[in-house]
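J.: coords please:
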Amino acid sequence: MKIQVTADLLDGLVLALLNREDYYGYALTQEMQKAISISESTMYPVLRRLKKDGYVTTYDQPYQGRNRRYYQITATGEEHLEQVYKMWTDYKESLDEVFVPVGHADSATAHDLQA
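T.: Sure, this is the predicted structure:
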């Protein structure tokens, strides 16, 4: 079973990676796939939307005779990332209150939840 990732959370994940370093599209998709299941066909519309909203900017860099388009977070994107992160932590804390039994804090496992 896969938990669905909302557009807000997807935007936040992309911005969080771009806050660490600039990425070209394929490398960003590969990095995102370490956390969630996402295809390039899903990633590029997200990047276009983030650029349209002013959260990222692009620049081209030559690579082996071709250009790679790199994505870079903007100051507005950093502000939006802070908002998404706050929403995520509030949401996670409220879910943890339900999922994590009292006294188990962050060490709860599926087995603990069933006990």
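J.: going forward, measure contacts between C-alpha atoms and count neighbours the same way
T.: Fine.
J.: Ranking helices and strands of the protein by mean pLDDT, which lands last?
T.: Within the chain, no helix or strand scores below helix 110-114, which has a mean of 49 by mean pLDDT, DSSP states H and E.
J.: Of all the residues in the lengthiest helix in the chain, which ones are buried?
T.: In the chain, assigned by DSSP state H, the helix with the most residues is helix 75-99. By neighbour count on 16 or more other CA atoms under 10 Å, the buried set for helix 75-99 is 77-78, 80-81, 84-85.
J.: Could you check which helix or strand contains R69?
T.: Assigning secondary structure by DSSP states H and E places R69 in strand 66-73.
J.: Give me the distance from that strand to the chain's centre.
T.: 18 Å (CA atoms, centre = their mean, to the nearest Å).
J.: Now do it against helix 75-99, angle only.
T.: With axes from the mean of the first three to the mean of the last three CA atoms, to 10 degrees as the basis, strand 66-73 and helix 75-99 are set at 70 degrees to each other.
J.: Only the buried residues of strand 66-73, if you could.
T.: By 16+ other CA under 10 Å, the buried positions in strand 66-73 come out as 68-73.
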